[in-house]
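Undergrad: All I have is the shape, not the residue letters:
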């Protein structure tokens with residue numbers, strides 16, 4: 001509960017819980033509105049508003065970045081994302097030991113002088129050092145690993161065993177690790193130099209990290225410089241050491257600061273100089289002169305601020321004077337030349353601008369004098385190397401690379417141009433500088449895209465430091481990692497295939513359950529056709545569905561499943577939950593594949609027939625009767641007996657019957673050319689039907705009737721001879737070859753249909769395929785039955801009665817043939 005005491009009644013706001021930040025944003029906003037409302041009435045509320053807002057904003061920032069960290073830590077990682085990207089270093093995964101420990105080890109890898117010494121160690125030539133061996137193994141892993149992340153868990157466990165417990169602070173960890181590394185290197189180098197007279201070890205690792213200070217004549221070592229509540233790192237550090245009379249007797253090559261901070265703003269410089277704090281420089285310091293100059297600079301800055309920001313209003317004095325002139329002008333009816341008030345204000349503006357310029361010039365002179373005084377104390381240059389920040393569970397490291405930063409957040413790594421440390425609002429900060437003179441011929445670069453700087457092209461990669469035996473171990477680890485990922489990938493693919501399989505299975509079942517018309521077999525895909533043919537969804541059907549699912553997801557076929565054992569095993573386990581919907585076995589034998597190939601040829605043939613039948617019907621609807629009958633005759637000549645061929649046969653008879661029915665209407669309208677073409681079609685296609693077929697008999701009777709009803713204008717003598725010859729051949733049951741040339745008519749579309757289907761992959765089918773040829777054929781037949789309903793009606797009657805009629809008798813059986 002937060003209670004505001006003021007001139008008004010007490011007001012309580014309940015339920016503000018920063019632990020439930022996301023649920024109480026609206027209350028926080030209402031709190032700010034409330035404070036703003038009462039701000040003018042109670043001065044105490046103003047301070048409460050300021051402190052409350054700072055507290056809330058800080059908590060919001062912490063929650064934001066902790067939430068981001070948790071999202072990165074817990075979100076599922078894709079397999080490809082587990083590989084280290086080219087040009088990016090391997091990350092050190094957080095182990096939840098002590099704060100900042102993992103990030104400190106991470107930045108050690110980016111100090112070539114440290115890595116160079118660690119990698120030269122060979123335990124086979126020296127007394128074994130488990131800590132040194134584990135550290136060397138970790139660095140080799142960071143250098144050569146293909147994984148995006150690794151862990152220092154083994155190193156930490158060995159150190160805990162060595163020192164009988166965990167470490168409480170980062171400083172304690174460093175003070176235990178570095179001496180162990182140094183001892184191992186000293187033993188190793190002493191063995192190598194047994195033949196060297198008076199060999200003296202130089203302690204290169206301690207020189208990197210251990211420094212010495214002097215306070216009141218007492219010397220002590222330091223590994224980390226600890227500070228609290230720092231706003232400006234360099235200034236606050238200098239002030240503290242001057243106040244405590246501490247000087248640096250020996251500076252380490254790697255200078256580490258640890259800051260416990262509660263200030264809202266923290267500033268660190270990318271370059272610092274140690275000269276003023278070095279013991280050797282104390283006699284030459286000119287502090288009194290520098291302090292006097294700085295005091296003068298502060299006075300000038302205050303005067304400039306007063307001119308540019310009068311009474312902290314954000315408005316300059318010259319602006320206020322200019323506004324005063326405007327007010328004077330609006331208050332007077334007319335403005336006379338030489339108005340003394342306006343002239344006086346104008347003179348004040350000129351004086352203020354001159355004063356401001358004089359102050360700025362004086363400021364530049366003092367800054368120049370300070371720089372000239374300090375230039376002798378800028379020889380020991382240190383440059384920023386890394387910044388580590390921590391806030392609760394959240395921890396990140398920023399390591400300098402060229403003009404950018406490598407950002408490490410647990411296993412996530414990215415390259416950033418810059419970062420704002422205050423936006424992270426950390427309470428624990430480690431800032432690490434390295435000696436500007438510290439050089440190495442090696443670089444931690446792991447990718448060419450970070451290695452394209454001409455001035456750095458002479459550097460060698462870390463890999464040249466790794467011994468061949470360690471390279472072989474690392475290579476084997478990478479191979480095992482790739483095999484592990486390949487196995488995981490196959491298992492994930494099995495789950496995807498399983499999902500795809502049941503989508504396809506349900507699609508097939510749905511199609512099979514749909515009612516079909518006109519006795520058309522389902523041709524939506526091969527699996528549907530196979531199910532109908534087998535009269536059940538047996539293994540052949542299920543194999544076909546699985547094969548298509550595998551092709552979709554992993555671009556492998558069911559024949560290659562033997563090569564994918566992790567995939568096959570995982571898929572088998574998934575299929576066990578649905579034994580009646582999945583294949584009994586995953587391995588398809590050669591004999592079974594032959595049967596499926598035979599069924600596939602039948603499916604291809606059925607699709608081809610359906611396409612030709614659709615084309616034939618379309619020709620009939622477009623009144624291209626000859627092309628229609630040629631297409632249908634092509635199907636009948638195949639000699640295949642199935643529902644599609646039965647449909648083709650019935651449609652052929654209806655179309656040819658419609659030609660016969662229309663003979664009399666054409667004759668009546670005296671369209672003799674069209675009449676002769678229709679007669680030729682009837683005579684040419686008559687042999688296609690059996691002699692006993694009622695449609696053949698009916699058309700034969702129509703031909704005789706039309707000849708009897710013709711006159712001299714209807715046919716010429718040659719045409720009459722041909723018709724009579726046809727009648728004679730039919731009566732004598734001889735072979736008919738009249739108008740056979742019509743059967744040779746070329747239909748380019750039909751020609752393509754007879755060939756193209758064998759060039760297409762009919763085995764594989766897409767799940768979202770909407771081109772169902774069975775539906776297309778059913779639609780075409782429905783339209784055909786509407787357009788040819790006269791012929792269809794007549795065909796039904798003669799089929800029912802079993803008798804043919806002549807033209808004059810057509811009305812007796814209720815058939816209307818329009819004339």
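TA: Arrived safely, thanks for sending. Bear in mind the structure is a predicted one, so any value in this text is a computation, not a measurement.

Undergrad: what is residue 227 paired to in the beta sheet?
TA: On the basis of DSSP bridges, residue 227 is bridged to residue 259.

Undergrad: these two touch, right, it and residue 258?
TA: Yes: contact status for residue 227 versus residue 258: in contact at 7.4 Å, counting by CB atoms under 8 Å. The way it works is simple: take the backbone N, C-alpha and C, and place the C-beta from them, glycine included.

Undergrad: More neighbours: which of the two?
TA: Neighbour count, other CB atoms under 10 Å: between residue 227 and residue 258, residue 258 has more, with 20 against 17.

Undergrad: That one reaches residue 224, doesn't it?
TA: Yes: Residue 258 lies in contact with residue 224 (CB under 8 Å); the separation is 5.0 Å.

Undergrad: which residues do the two both contact?
TA: Taking CB atoms under 8 Å, 6 or more residues apart in numbering as the contact rule, residue 258 and residue 224 both touch 170, 171, 430.

Undergrad: per-residue confidence for the first one?
TA: What it means is residue 170. Turning to residue 170, the model gives it a pLDDT of 90.

Undergrad: Could you tell me which residues make contact with it?
TA: Residue 170 makes contact with 98, 99, 100, 101, 104, 224, 258, 430, according to CB under 8 Å, 6+ apart.

Undergrad: Distance check, it against residue 98.
TA: Residue 170 sits 6 Å away from residue 98, taking CB to CB, to the nearest Å as the criterion.

Undergrad: for the second one, same thing?
TA: Between residue 171 and residue 98 the distance is 10 Å, computed by CB to CB.

Undergrad: Could you do residue 669 as well?
TA: Counting by CB to CB - residue 669 and residue 98 are separated by 105 Å.

Undergrad: The stretch 251-400 of the chain: strands as residue ranges?
TA: For the stretch 251-400 of the chain, the strands defined by DSSP state E, counting those that start in this stretch cover 254-260, 271-273, 381-391, 394-401.

Undergrad: Which among those is found nearest to residue 367?
TA: Of all the strands of the stretch 251-400 of the chain, strand 271-273 sits nearest to residue 367, with 16.8 Å by CB to CB.

Undergrad: Please name the strands paired to that closest one in the sheet, noting orientation.
TA: strand 381-391 (antiparallel).

Undergrad: the bottom helix or strand of this protein by mean pLDDT?
TA: Using mean pLDDT, DSSP states H and E, the weakest-scoring helix or strand in the chain turns out to be strand 11-13, at a mean of 30.

Undergrad: Can you classify the residue of the chain positioned farthest from its centre as helix, strand or coil?
TA: Distance from the C-alpha centroid of the chain, by CA atoms, centre = their mean, peaks at residue 712 (83.6 Å). Taking DSSP: H, G, I helix; E, B strand; the rest coil as the rule, one finds residue 712 in the coil state.

Undergrad: okay, it: pLDDT?
TA: Looking at residue 712, its pLDDT is 82.

Undergrad: what residues are up against it?
TA: Residues counted as contacts of residue 712 (CB under 8 Å, 6+ apart): none.

Undergrad: Quick one: the helices in the stretch 651-800 of the chain, in order.
TA: Here the stretch 651-800 of the chain has its helices, by DSSP state H, counting those that start in this stretch, at 663-668, 672-685, 694-708, 717-731, 748-756, 773-787, 789-801.

Undergrad: Now stretch 201-211: buried residues?
TA: 205, 206, 207, 208, 209, 210, 211 (16 or more other CB atoms under 10 Å).

Undergrad: same question, stretch 497-509
TA: Buried residues in stretch 497-509, counted by 16+ other CB under 10 Å: 497, 498, 500, 501, 502, 504, 505, 507, 508.

Undergrad: can you tell me the helix or strand for the third one?
TA: What it means is residue 500. In this assignment (DSSP states H and E), residue 500 forms part of helix 468-513.

Undergrad: what about the strands of the stretch 251-400 of the chain, which gets the closest to residue 299?
TA: Evaluated with CB to CB, those place strand 271-273 nearest to residue 299, the distance being 26.0 Å.

Undergrad: one step back: quick one, phi psi at the residue farthest from the centre of the chain?
TA: In terms of degrees, to the nearest 10, the main-chain angles of residue 712 are phi -70, psi -20.

Undergrad: rewinding a little: worst average pLDDT in the helices of the stretch 651-800 of the chain?
TA: Taking the mean pLDDT of the helices of the stretch 651-800 of the chain, helix 748-756 comes last: a mean of 78.

Undergrad: contact partners of that helix?
TA: By CB under 8 Å, 6+ apart, helix 748-756 touches 608, 611, 612, 615, 627, 630, 631, 634.

Undergrad: how near is the residue nearest to the fifth one when sequence neighbours are not counted to residue 613?
TA: Once its chain neighbours are removed from consideration, residue 627 has its nearest residue in residue 619; the separation is 4.2 Å (CB to CB, 6 or more residues apart in numbering). As judged by CB to CB, residue 619 and residue 613 stand 11 Å apart.

Undergrad: Check residue 278 too.
TA: 99 Å.

Undergrad: With residue 441 instead?
TA: 80 Å.

Undergrad: So residue 405 is in contact with residue 396, correct?
TA: No: applying CB under 8 Å, one finds residue 405 not in contact with residue 396, separated by 10.5 Å.

Undergrad: more crowded one of those two?
TA: residue 396 (23 against 20).

Undergrad: check contacts around that one.
TA: 69, 103, 388, 389, 407, 408, 409, 424.

Undergrad: what do you get for residue 715?
TA: Listed by CB under 8 Å, 6+ apart, the contact partners of residue 715 are 672, 676, 707, 723.

Undergrad: Would you format the residues you listed as a markdown table with distance to residue 177 included?
TA: Conversion of those to a markdown table gives the following (distance: CB to CB, whole Å):
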| residue | distance to residue 177 |
| --- | --- |
| 672 | 112 |
| 676 | 109 |
| 707 | 116 |
| 723 | 113 |
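
Undergrad: ok, of these, which one's closest to residue 575?
TA: Nearest to residue 575, judged by CB to CB, of those is residue 676 at 67.5 Å.

Undergrad: May I have the residues that are in contact with the closest one?
TA: Taking CB under 8 Å, 6+ apart, one finds 715, 719 in contact with residue 676.

Undergrad: Repeat the analysis, applying 10 Å as the threshold.
TA: Listed by CB atoms under 10 Å, 6 or more residues apart in numbering, the contact partners of residue 676 are 666, 714, 715, 716, 719, 722, 723.

Undergrad: go on, residue 545?
TA: 500-505, 507-508, 525-527, 530-531, 537, 581-583, 765.

Undergrad: Could you tell me the model confidence score at it?
TA: At residue 545, the model reports a pLDDT of 94.

Undergrad: which SS state does it fall under?
TA: Of the three states, residue 545 takes helix under three-state DSSP.

Undergrad: Against residue 772, how distant is it?
TA: Computed with CB to CB, the distance linking residue 545 and residue 772 is 17 Å.

Undergrad: ok, back up a step: just the ones in helices from the contacts of helix 748-756, please.
TA: Those of the contacts of helix 748-756 mapping onto helices are 608, 611, 612, 615, 627, 630, 631, 634, per DSSP state H.
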